[in-house]
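**Student:** Predicted model and sequence follow; I will ask about them next.
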Amino acid sequence: SSVSRKHPTREWSLHDFDMGRPLGKGKFGRVYMVRTKSEPRYIVALKTLYKSEIVQSKVEKQIRREIEIQQNLRHPNVLRLYGYFHDEKRIFLMLEFAGKGELYKQLSKYGRFSERRSSRYVEQMADALIYLHGKHVIHRDIKPENLLLGINGELKIGDFGWSVHAPGNRRKTLCGTLDYLPPEMVEGREHNEKVDYWALGVLTYEFVNGFPPFEDRNSVNNTYRRIARVDLKFEEKDIRLSEEFKDLVTKLLRYDPQKRLPLTEVLKHPWIVKYRPKDAVREGA
Ligand SMILES: CC(C)NC(=O)[C@H]1CCC[C@H]1Nc1nc(Nc2ccc(C(=O)N(C)C3CCN(C)CC3)cc2)ncc1C(F)(F)F
């Protein structure tokens, strides 16, 4: 698209856009729906990051890495970063606009997703992760809050704040929820792209149940313990879970990273195949 044809960091400025409605608040500033003034008019999401806040939180390197990684990615289930520019106070990211908004808001609105809908999201996540790992990028922060929905309901990974080139060894203290972290990360050990396999298992569980498998709302320590013990339970008090669903989750939530089901096998798993749209054509199937 011509949005990315112009060199991203030299020529763009706020004057190139008509401001639209605010889409919400990002980590370091607001996000706006905007449109380029010049033909052809493009709708993009403009994410503002306040330099002062970035400096205070000492995440300059992380932001630089996030931009460098996301700018080089091209996949239908990965949100495009077309380019960026800055003024004296703010950095502006020109991102793909996701027409149906934030997935976590749908999850909290409905409480949980059907197995059919969850299975299609998981298939798209597996496709995106195969692509990322193929470029030696580990995401490391897969969770509903980082996922957006395109205009046709397709899933888009929208945030790369914690992604690294594999293998990684996190130095910064982890903030936010432990729920998605695998044993090797909560124990601060060396980790590789298999951390995303674990997180995909947690995500699959949360889509269908409406809460993550090792959650303990009252105690972070207990969540930590439940993760380290892989204390996985399937409750079927108020919903019936299919055997295929339980089988796939169990094969992703393995303590030993080497034993986690490879993503290519996820795409062939009965729980994914049974809900695949009949007309869907997969290359290399
Ligand atoms: C992954 C990352 C962690 N998350 C984010 O960055 C968040 C932070 C704030 C918004 C979002 N960022 C983006 N959001 C969109 N699309 C979008 C968002 C919200 C709505 C929506 O439901 N309303 C406006 C509703 C409409 C109805 N009213 C009632 C409430 C708001 C509709 C479309 N496209 C691209 C981005 C991106 F990522 F490029 F910035």
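**Tutor:** Sure thing, it's come through. Worth saying up front: this structure is predicted, and the values here are computed from it rather than measured. Residues are numbered from 1 along each chain as shown.

**Student:** Contact partners for the residue nearest to Leu241 when sequence neighbours are not counted?
**Tutor:** With sequence-adjacent residues excluded and distances taken as C-beta to C-beta, 6 or more residues apart in numbering, Leu241 is closest to Phe234, at 5.5 Å. Bear in mind the C-beta positions are built from the backbone N, C-alpha and C, glycine included. Residues near Phe234 by C-beta atoms under 8 Å, 6 or more residues apart in numbering: Leu241, Lys246, Val249.

**Student:** contacting residues around the helix or strand containing the second one?
**Tutor:** When secondary structure is defined by DSSP states H and E, Lys246 falls within helix 243-252. In this structure, residues lying in contact with helix 243-252 by C-beta under 8 Å, 6+ apart are 115, 122, 197-198, 200-201, 204-205, 208, 213, 232, 234, 260-261, 266, 269-272, 274.

**Student:** of those, buried ones?
**Tutor:** 115, 122, 197-198, 200-201, 204-205, 208, 213, 232, 260-261, 266, 269, 271-272 (16 or more other C-beta atoms under 10 Å).

**Student:** Mind checking which of those are in helices?
**Tutor:** Those of the buried ones among the contacts of helix 243-252 mapping onto helices are Glu115, Val122, Tyr197, Trp198, Leu200, Gly201, Thr204, Tyr205, Val208, Val266, Trp271, Ile272, per DSSP state H.

**Student:** got a list of what the closest residue to the second one other than its chain neighbours touches?
**Tutor:** Pointing back at Val122 there. Nearest residue to Val122 in three dimensions, chain neighbours excluded: Thr204, at 5.1 Å (C-beta to C-beta, 6+ apart). Thr204 sits next to Ser118, Val122, Phe245, Leu248, Val249, Leu252 when contact means C-beta under 8 Å, 6+ apart.

**Student:** repeat for Phe92
**Tutor:** Trp12, Leu14, Leu46, Lys47, Thr48, Leu49, Tyr84, Phe85, His86.
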